[in-house]
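Asker: build me a model from this:
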Amino acid sequence: MKYFRVNKRVLLFIGGLVWILAAIRVFLIGKESLISAVNSNYILNFVIGIITLAIFYFFIFSKLTTKHAKRIINSPLIKHCPFAFFDVKSYIIMIFMISLSIGLRYLNIVNLNYLGSFYIGIAIALFLGGILFIRNSIIFNKLCLIYKK
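Answerer: Sure, this is the predicted structure:
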């Protein structure tokens, strides 16, 4: 039996779905952190969330989606492993971020108010990145003309 493979357009779509599912999970963790926190400063929480969203979306996630779309489009392979929407380096970064997140929650180093706001900001940025992946799968033919070497 051959391994399951998907075409490039489907791979971008899968990447978007995975990012959106991750965003939902991170959002729920952030929401729980904010709910369990006491004496919330709502204005400060909002500012932390917006700053986190802006930094992670504009400087990290939007650039990552473009980088991976270019890599996928320029790949010589016609069919890919369904997990190939990331390269190895990105998976290592993801594992590091998840480990850091678990460590921060477990060690209780950061106030839950701020951690929850941070998570919600990251979740919204991840969600928007997932939407970009899905958009890239929808306009795949146009991207092929733009990104092809």
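Asker: which residue packs closest to residue 110, ignoring adjacent ones?
Answerer: residue 104 (5.4 Å; CB to CB, 6 or more residues apart in numbering). For the C-beta atoms, the positions are set from N, CA and C on the backbone; glycine is no exception.
Asker: so the one you found versus residue 92, what's the distance?
Answerer: Distance of residue 104 to residue 92, computed by CB to CB, to the nearest Å: 19 Å.
Asker: these two: which is more packed in?
Answerer: Neighbour comparison, residue 104 and residue 92: the larger count goes to residue 104, with 14 against 11 (by other CB atoms under 10 Å).
Asker: contacts for the host helix or strand of the more buried one?
Answerer: In this structure, residue 104 is located in helix 88-107 according to DSSP states H and E. With CB atoms under 8 Å, 6 or more residues apart in numbering as the test, helix 88-107 has contacts from 29, 33, 64, 68, 86, 110, 115, 119.
Asker: also stretch 20-29?
Answerer: Contacts with stretch 20-29, where a contact means CB under 8 Å, 6+ apart, come from 101, 105, 119-120, 122-124, 126-127, 129-131, 134.
Asker: low-confidence stretches in this protein?
Answerer: Within the chain, the stretches with pLDDT under 70 are 1, 149.
Asker: mind redoing it with 90?
Answerer: Residue ranges of the chain with pLDDT under 90: 1-4, 33-42, 44-45, 101-102, 104-106, 108-114, 144-149.
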